[in-house]
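1. compute the structure for the input listed below.
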Amino acid sequence: MDGDAHVLNGSMFHNFSKFEDWEESDLEGADVKDMKVEAEAVVNDVNFAVNHMAVSQMLPIREDVAYINVETKEINRYCLELTEAGLRVVAYGFDQVDESLSMQYHETIYSLLDSLSPAYRDAFGNALLQRLEALKKLQQ
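-> Coordinates of the predicted model:
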């Protein structure tokens with residue numbers, strides 16, 4: 001058994017022997033990057049169904065929050081907050097947070113946009129129909 005411990009001490013696993021030895025700074029950047037990646041994924045997922053959508057470059061991205069600017073096809077502008085709780089409107093304009101707004105969280109971007117934009121619903125429905133028709137053609 002002592003031989004096994006010696007092998008581990010000389011291996012790459014030796015540096016990760018105790019969780020307590022890790023410094024918090026070693027992990028900080030990963031959460032921030034993940035929140036930005038999550039926000040970018042939201043943008044890429046529904047960008048086709050709005051006029052404009054982008055991760056805010058003006059508001060800070062932290063480990064627990066990112067902000068997304070969206071302009072609907074009805075030309076309404078919003079700043080969305082993305083957290084573990086979901087997404088919600090935090091301002092009626094880009095790159096803003098209005099602390100007086102108390103909007104409900106939505107679990108998905110689809111639900112939030114569905115509540116804000118009838119044109120989003122139409123665009124999403126049309127895209128779904130086109131995909132189903134393309135799938136049907138492939139199966140024939």
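
2. which of the residues in the helix or strand harbouring S111 are buried?
-> Under the criterion of DSSP states H and E, S111 resides in helix 109-116. Residues I109, Y110, L112, L113, L116 are the ones in helix 109-116 that count as buried (16 or more other CB atoms under 10 Å). Glycine gets a C-beta too; all of them are placed from N, C-alpha and C.

3. and if you look at stretch 79-89?
-> Neighbour-count burial for stretch 79-89 [16+ other CB under 10 Å]: C79, L80, E81, L82, G86, L87, R88, V89.

4. those residues in strands, which ones?
-> Under the assignment DSSP state E, these contribute C79, L80, E81, L82, G86, L87, R88, V89 to strands.

5. now tabulate these in JSON lines and tack on distance to E71 and pLDDT.
-> What follows is these, written out as JSON lines (distance: CB to CB, whole Å; pLDDT from 0 to 100):
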{"residue": "C79", "distance to E71": "11", "pLDDT": "98"}
{"residue": "L80", "distance to E71": "11", "pLDDT": "98"}
{"residue": "E81", "distance to E71": "17", "pLDDT": "98"}
{"residue": "L82", "distance to E71": "17", "pLDDT": "97"}
{"residue": "G86", "distance to E71": "21", "pLDDT": "96"}
{"residue": "L87", "distance to E71": "16", "pLDDT": "98"}
{"residue": "R88", "distance to E71": "17", "pLDDT": "98"}
{"residue": "V89", "distance to E71": "13", "pLDDT": "98"}
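
6. fine by me, we can end here.
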